[in-house]
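Colleague: Please work out how this folds:
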Amino acid sequence: MEELEQGLLMQPWSWLQLAENPLLAKAYITKQGYALLVSDLQQVWHEQVDTSVVSQRAKELNKRLTAPPAAFLCHLDNLLRPLLKDTTHPSEAIFSCDRVAEALILRVRSELSGLPFYWNFHCILASPSLVSQHLIRPLMGMSLALQCHVKELATLLRMKDLEIQDYQESGAMLSRGRLKTEPFEEDAFLEQFMVEKLPEACSIGNGRPFVMHLQSLYVAVTKQEVQVEQKRQGTGNTQTSSSTSPQPTDNQLPSQPEQPVSSAPALSVLEKEPLALRRELSCQRSRGRSHGGSSVNLLWAQLLRMYQKNSSTSHG
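Modeller: Okay, the predicted model is just below:
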């Protein structure tokens with residue numbers, strides 16, 4: 001996964017209240033380029049550029065400004081950071097957006113070195129795989145994490161009820177009656193939640209509740225996704241490296257090339273490498289003596305007779 005893609009994935013979503021309409025956005029900027037993702041909860045737009053595009057666009061929009069791409073990227077980072085990260089310090093730039101066909105253009109106007117600075121983010125519709133990577137998969141992961149969280153809390157409540165029951169059976173009395181609670185019943189709780197709390201909990205609105213309350217969990221889930229992908233790629237690289245360039249071990253002879261079919265009798269491996277065979281048989285005989293086993297000695301005798309038979313046949 002490239003640096004820009006990985007960096008953008010681990011960024012939290014921010015809520016932008018522009019004059020036209022609210023948007024969800026996330027951005028990641030480095031000296032090598034930037035990646036931007038924007039959504040109105042109906043569509044998702046994306047732009048990712050490198051320094052060559054930054055340099056060309058800067059020349060088109062800011063003819064009076066001359067600077068390396070890294071300087072423009074740094075300035076864009078300074079403009080976007082307060083907008084996306086720190087609402088208490090509003091950005092000095094003015095942002096607006098236009099929709100042209102299926103594209104979204106996010107316009108920025110500010111100053112750089114005392115001169116007007118303009119920038120346009122040209123965002124196109126994001127691919128289905130990108131939407132899945134930044135929204136569908138993280139939201140599924142968050143749902144599973146929250147479900148596990150609820151199960152853990154339900155288990156803890158049941159343990160607390162058992163603890164209270166033990167206190168009561170030991171004669172303990174509650175000093176303040178208003179603190180008395182009924183034993184926790186998970187099924188009844190879930191049924192009541194579905195009726196009373198679910199409509200309010202599912203009020204997505206313009207996306208602001210998701211941004212305000214769940215971004216720490218979103219970042220944790222996406223970081224886990226990145227770590228899993230890195231481990232998978234590392235394992236794949238290791239397996240590919242070991243399979244493409246295998247190294248013979250001390251106890252493994254290099255494989256022999258396949259012998260061509262011909263009328264002349266082919267020499268057996270036993271005749272080709274008697275020294276190697278004797279060393280191997282000697283090692284096996286010594287291992288047999290060390291373990292006191294007669295089966296190894298028998299194997300040695302059989303192999304020796306095979307070698308003598310093949311040797312006499314090939315020379316006869």
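Colleague: you'd agree Arg64 is up against Phe117?
Modeller: No - with contact defined as CB atoms under 8 Å, Arg64 does not count as touching Phe117 (9.7 Å). Every C-beta, even on glycine, is put in place using the N, C-alpha and C of the backbone.
Colleague: More neighbours: those two, which one.
Modeller: Phe117 (20 against 9; other CB atoms under 10 Å).
Colleague: who's in contact with the more buried one?
Modeller: If you count contacts by CB atoms under 8 Å, 6 or more residues apart in numbering, Phe117 has them with 62, 65, 75, 108-111.
Colleague: Confirm that Gln165 sits in a helix.
Modeller: Yes - under DSSP: H, G, I helix; E, B strand; the rest coil, Gln165 falls within a helix.
Colleague: tally of neighbours for it?
Modeller: Residues near Gln165, counting by other CB under 10 Å: 11.
Colleague: In the stretch 101-250 of the chain, mark out all the strands, start to finish.
Modeller: Here the stretch 101-250 of the chain has its strands, by DSSP state E, counting those that start in this stretch, at 103-112, 115-125.
Colleague: and the first one, what other elements does it pack with?
Modeller: Okay, so that is strand 103-112. strand 33-39, helix 69-84, strand 94-100, strand 115-125 (3 or more CB pairs under 8 Å, 6 or more residues apart in numbering; DSSP states H and E).
Colleague: most tightly surrounded among the ones you listed?
Modeller: strand 33-39 (a mean of 22; mean count of other CB atoms under 10 Å).
Colleague: What is the next helix or strand after that strand packed up against?
Modeller: Counting by DSSP states H and E, the next helix or strand C-terminal to strand 33-39 is strand 44-50. With contacts taken as 3+ CB pairs under 8 Å, 6+ apart, strand 44-50 sits against helix 3-9, strand 33-39, strand 115-125, helix 128-131.
Colleague: Compare the ones you listed and give me the one nearest Ala145.
Modeller: helix 3-9 (16.7 Å; CB to CB).
Colleague: hmm, who's touching the closest one?
Modeller: For helix 3-9, using CB under 8 Å, 6+ apart, the contacting residues are 1, 26-28, 30, 32-37, 48, 133-134, 222, 225-226.
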